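S.K.: please find the sequence and the predicted model below.
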Amino acid sequence: MAQSTAVTPWSTVTMELTTIRSKVPDEVLDLPVTHIMIPDTQAKMGMPTDHLNWIGQFIVDEYHNKNIKIIHIGDHADMPSLSIYDKGTKKMEGRRYQDDIDAANEAWRILNQPLYDYNSNRRKNKSKVWDPERWITLGNHEDRINRAINFNPQLEGMLSLEKLDYERSGWKVSDYLQVLKLDGVRYSHYFYNPMTGKPFGGQNIELRLKTIGHSFSQGHQQTLMYGLRFTSDGASQHGLVAGACYLHDEEYKGPQGNAHWRGIVIKHQVKDGSYDPMFVSLDYLCRRYEGSSLEHFMELKYPNL
């Protein structure tokens, strides 16, 4: 009589594989990395920062101990006291450089606090801390500091990018308009025409992607544009413009200019410039962490903003 062979239930196999997988870092398994891009946050005095905590907590909740790279695309420090556009106008009244630095650093702490708290608990449990690769590509608002020094050399030493807490908090800094290349994707605050020095503009993302010629991601423009094209050899190129990740409205854009998408972009399976994009709006994060729509949250907490 033939003997029956016991078959291990697939659920048991899956559980065992999951257990093994959880003990092996993504890098060892050669799994594609995930990029998390944070568009312009433009922190300044008197503006809400709740969303920065949501973003930091979302990253920890969803991606802790995963193989990720976080890229802030710049313009975190708004630096309104150094605005050349408002110089000599009533808008400059009461603005102070140190207030701008303090506001940017406090907002930066709020963004990073969930990671600090997560690693604090890890240390208490004698576990290895999680230290994902983090970058910020400086924007034109941070560059206001360098421009002010250039126009007034006597301020050198008093004004400095080093007063911002980016590097002290474990982030790597890519200089303004330098192109940061990560896993085949080029990051910069914006890309510009090398013949004129002016930023590429317009709403045609396919044309911009063709002009730049490789996968790129930028901020700077308060919009969300995404495009995908394939080269003749079958490679994919992705173009992304996402330049708004803040809760306030910008006065200079007027009553009709602030209706644009705000959030972060998750890029799964990044390899050789290709990835699967996931757009995470601030409204989604507000519903997740505050239990209400963003519109309702803002009306209740910031009725006069």
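M.R.: Arrived safely, thanks for sending. Numbering: from 1, shown residues only.
S.K.: helices of this protein, start to end?
M.R.: 10-22, 26-29, 50-63, 97-124, 143-151, 205-212, 282-290, 294-301 (DSSP state H).
S.K.: what mean pLDDT does the first one get?
M.R.: Along helix 10-22, the predicted confidence averages to a pLDDT of 63.
S.K.: thinking again about what came up before, ranking the helices of the chain by mean pLDDT, which is last?
M.R.: helix 26-29 has the lowest average pLDDT among these, namely a mean of 54.
S.K.: ok, back up a step: comparing the helices of the chain, which comes out most buried?
M.R.: Most buried of the helices of the chain by mean neighbour count (mean count of other Cβ atoms under 10 Å) is helix 50-63; its value is a mean of 20. C-beta here means a position set from N, CA and C on the backbone, and glycine is covered the same way.
S.K.: only C-alpha atoms, please: export that helix in PDB.
M.R.: Taking C-alpha atoms only, helix 50-63 is exported to PDB below (Å, rounded to 0.1, in the frame of the first residue of the first chain):
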ATOM      1  CA  ASP A  50       1.500  69.500  12.100                       C
ATOM      2  CA  HIS A  51       2.100  67.900   8.700                       C
ATOM      3  CA  LEU A  52       5.800  67.500   9.500                       C
ATOM      4  CA  ASN A  53       5.000  65.200  12.400                       C
ATOM      5  CA  TRP A  54       2.600  63.300  10.200                       C
ATOM      6  CA  ILE A  55       5.200  62.700   7.600                       C
ATOM      7  CA  GLY A  56       7.900  61.700  10.000                       C
ATOM      8  CA  GLN A  57       5.500  59.300  11.800                       C
ATOM      9  CA  PHE A  58       4.300  57.800   8.500                       C
ATOM     10  CA  ILE A  59       7.800  57.100   7.400                       C
ATOM     11  CA  VAL A  60       8.600  55.300  10.700                       C
ATOM     12  CA  ASP A  61       5.300  53.400  10.800                       C
ATOM     13  CA  GLU A  62       5.400  52.200   7.200                       C
ATOM     14  CA  TYR A  63       9.100  51.900   6.500                       C
END
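S.K.: that one: how far from the chain's middle?
M.R.: Between the centre of helix 50-63 and the centre of its chain there are 11 Å (Cα atoms, centre = their mean, to the nearest Å).
S.K.: and the gap between Asp143 and Tyr190?
M.R.: To Tyr190, Asp143 is 11 Å away according to Cβ to Cβ, to the nearest Å.
S.K.: typo on my end, it should be Phe58
M.R.: From Phe58 to Tyr190 the distance is 26 Å (Cβ to Cβ).
S.K.: what of Arg96?
M.R.: 28 Å.
S.K.: between the two, which is the more surrounded one?
M.R.: With neighbours defined as other Cβ atoms under 10 Å, Arg96 and Tyr190 compare such that Tyr190 has more, 23 against 11.
S.K.: tell me the spatial nearest neighbour of that one, not counting adjacent residues.
M.R.: Nearest non-adjacent residue to Tyr190, counting by Cβ to Cβ, 6 or more residues apart in numbering: His220, 3.9 Å away.
S.K.: I'd say the one you found and Asp40 touch.
M.R.: Yes - counting by Cβ atoms under 8 Å, Asp40 is a contact partner of His220 at 7.0 Å.
S.K.: can you work out which residues contact both of those two?
M.R.: 73-75, 139, 243 (Cβ atoms under 8 Å, 6 or more residues apart in numbering).
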